[in-house]
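# Give me the fold of what follows.
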Amino acid sequence: MKKNQKGPAHHPCGQALAGGQALVILLVFMVIAIIMTTMAVALVGINATAVSQVEQGDMALKLAESGADNALLRLMRSPTYRGAETLTLDSGQVTATVSGTNPIIIMSEGRQGAFVRVASVSASFVNTVLTIHSRREVF
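The predicted model follows:
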């Protein structure tokens, strides 16, 4: 009588299957590793694009705030100043408009690439002192 053999399973032709199974498992793990690596690289690219867009939006807001500051300086130097001014700063563009009398309204639009942000300032002169009532971003 033959004893039960403990070892690799045998094909009817008598060949061991253990080596083939290990190769299939290795191929499955390699495919999973390649897919995960590809996804990680794609995610890094997507995040870099998103961060760049957020940065451009922030730069547009900073440009708009700079335009409003510039308009306030012009008002302090000349209280009767009214009008619009366009400036090019740091590869972006700012258009600041000063209108009204009491209150004086400053609208400043900053453009950075495809992003546009607008800042608004409301001010008035009280006993020849320029007083800022509000300063905000307009959506």
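
# Give me the longest strand you can find in the protein.
Determined from DSSP state E, the single longest strand within the chain is strand 115-126.

# Parallel or antiparallel, list what pairs with it.
Here strand 115-126 is paired, per DSSP bridges, with strand 104-112 (antiparallel), strand 129-138 (antiparallel).

# Please name whichever of those is nearest to Ala60.
Nearest of the strands paired with strand 115-126 to Ala60, taken as C-beta to C-beta: strand 104-112 at 4.0 Å. Any C-beta I mention is one placed from the backbone N, CA and C, and that applies to glycine too.

# Do me a favour and get the backbone dihedrals for Asp90.
The phi/psi pair for Asp90 (degrees, to the nearest 10) reads phi 40, psi 50.

# Mind checking which residue lies nearest the centre of the protein?
Val54 (1.8 Å; C-alpha atoms, centre = their mean).

# just checking, Ser91 touches Gln112?
Yes. The pair Ser91 / Gln112 is scored as a contact, 7.3 Å apart, by C-beta atoms under 8 Å.

# where along this protein do the helices fall?
Here the chain has its helices, by DSSP state H, at 18-77.

# pLDDT weak spots in it?
Scanning the chain for pLDDT under 70 picks out 1-19.

# Off-centre distance for the longest strand of the chain?
In terms of C-alpha atoms, centre = their mean, to the nearest Å, the centre of strand 115-126 is found 24 Å from the chain centre.

# List the contacts of it.
53, 56-57, 59-61, 63-65, 67-68, 71-72, 75, 79, 102-110, 130-138 (C-beta atoms under 8 Å, 6 or more residues apart in numbering).

# What's the PyMOL syntax to select whichever of those residues are buried?
This is how PyMOL selects the buried members of the contacts of strand 115-126, with burial counted by 16 or more other C-beta atoms under 10 Å:
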select buried, resi 56+57+59+60+61+63+64+65+67+68+71+72+75+104+106+107+108+109+110
